[in-house]
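*Asks:* Fold the following and give me the result.
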Amino acid sequence: MTSLRFRTSLQPVDASCIYRSGDSEDPRIGDICVYDLQSLPEAPCVVAILGVPQDIGVERNGGRVGAAEAPAAIRRALTKLAPTAFLSALQSGELALCDLGNIETDGKTLEQIHDEHYDIVAQLVRRGIVPIVLGGGHDCAWPTVRAISSDGQPYGVINIDAHTDVRPLKDGRAHSGSPFRQMLDMPSSCLAPGGFVEFGIQSTGASAHHIASVRQAGMHVMMLDEIRRDGIHEAWQRAMSHAAASGRTYVSVDMDAFASAYAPGVSAPAADGFAPHEVRACLTQAAASGSLIALDILEVNPRYDVDGRTAKLAAQLIADVIQGLASTRGAKS
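*Replies:* This is a model prediction of the structure:
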């Protein structure tokens, strides 16, 4: 087992969020995931889930709060899923899945939470462990970017989103609309030249000024209409060619990138957007590429969800990524 020492305490996953079948012939992710805050299993590929239950950044950005409840809702959906697609990788020891629990957020400022988030993700990435962060608002992307950049190696980023999230700070403070503005403004950044891709941006959800600012920084904006015109497969290959050129790719998924028919429970819903099968294929391919070093699933808002639809979709995306990661180790089921 790999021992990790964080500069903050983590809250264990509440038992009510974990589904276990208890059936060896019908195991679920809740049966095979390791829930241990002191150590991590060793394997060629280790995936670690981290919850960040806060929506302070969403509130600062004028969004509807509720994303603080997302990690619990996503876990309830995720642990019910069957691990069939990557079970052989787990059984062979090629893959290990653990859940570190949640960052304690009560009584803390957003900046304190971000610093603790940074510390944890930085340690995981440096050890070659793939963190899957469950937000929380999209401000969670900022400490993840800082963590990835902390080792001095180049990286690329794909933001799957209806919005660019390059708004300026508010009174000098971060919020859910600012993470990629902060990334682009980082001094001594390790972001690879041209390595940032905004994927799925909607013209009705992003200002022309913000789109232009990303492009003026030498980065890429792929509009939803453009992706539909070219086809999702070709568009994603082009996005990966930019973001994965360094060999280290971070993918950030804002659930409002999906049409609200598929993901009604988000902080800022859009009538139009991706269909689930489109993004699922993209994430599986990114994970199977061997370049994925971190993923986050953000802006799920259970208060506005319908029959857990958005949380279930978020859980499916995570399962797809785990499947893709397993395939990189030659352990396809």
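*Asks:* buried residues in stretch 113-122?
*Replies:* Across stretch 113-122, burial judged by 16 or more other C-beta atoms under 10 Å covers 113, 114, 116, 117, 118, 119, 120, 121, 122. All C-beta atoms are positioned from the backbone trio N, CA, C, and that covers glycine.
*Asks:* For the last one, which residues are in contact?
*Replies:* I take that to be residue 122. Applying C-beta atoms under 8 Å, 6 or more residues apart in numbering to residue 122 gives the contacts 146, 147, 148, 150, 151.
*Asks:* Tell me, how many residues neighbour the first one?
*Replies:* Applying other C-beta atoms under 10 Å, we find 20 other residues in the vicinity of residue 146.
*Asks:* Rounded mean pLDDT for stretch 198-213, please.
*Replies:* In this model, stretch 198-213 has a mean pLDDT of 97.
*Asks:* Distance from the chain centre to it, please.
*Replies:* Chain-centre distance of stretch 198-213: 20 Å, with C-alpha atoms, centre = their mean, to the nearest Å.
*Asks:* Equivalent analysis for stretch 315-322, please.
*Replies:* On C-alpha atoms, centre = their mean, the centre of stretch 315-322 falls 10 Å from that of its chain.
*Asks:* ok so, going back, inside helices: which ones of the contacts of residue 122?
*Replies:* 146, 147, 148 (DSSP state H).
*Asks:* dump the residue contacts of the residue nearest to residue 168 when sequence neighbours are not counted.
*Replies:* The shortest distance from residue 168 to any non-neighbouring residue, by C-beta to C-beta, 6 or more residues apart in numbering, is to residue 181 (6.2 Å). Taking C-beta under 8 Å, 6+ apart, we find residue 181 in contact with 165, 166, 167, 168, 169.
*Asks:* tell me the two of these that are most distant?
*Replies:* Among these, the pair separated by the greatest distance (C-beta to C-beta) is 165 and 169, at 12.3 Å.
*Asks:* Which one of those two is surrounded by more residues?
*Replies:* Taking other C-beta under 10 Å, residue 165 and residue 169 do not tie; residue 165 has more neighbours (30 against 14).
*Asks:* Please report how far the residue nearest to residue 134 when sequence neighbours are not counted lies from residue 105.
*Replies:* Excluding its sequence neighbours, the residue lying closest to residue 134 (C-beta to C-beta, 6+ apart) is residue 71, at 4.2 Å. Distance check for residue 71 against residue 105: by C-beta to C-beta, to the nearest Å, it reads 10 Å.
*Asks:* what about residue 251, how many residues close to it?
*Replies:* Going by other C-beta under 10 Å, the residues that sit close to residue 251 add up to 29.
*Asks:* Brilliant, that's me finished.
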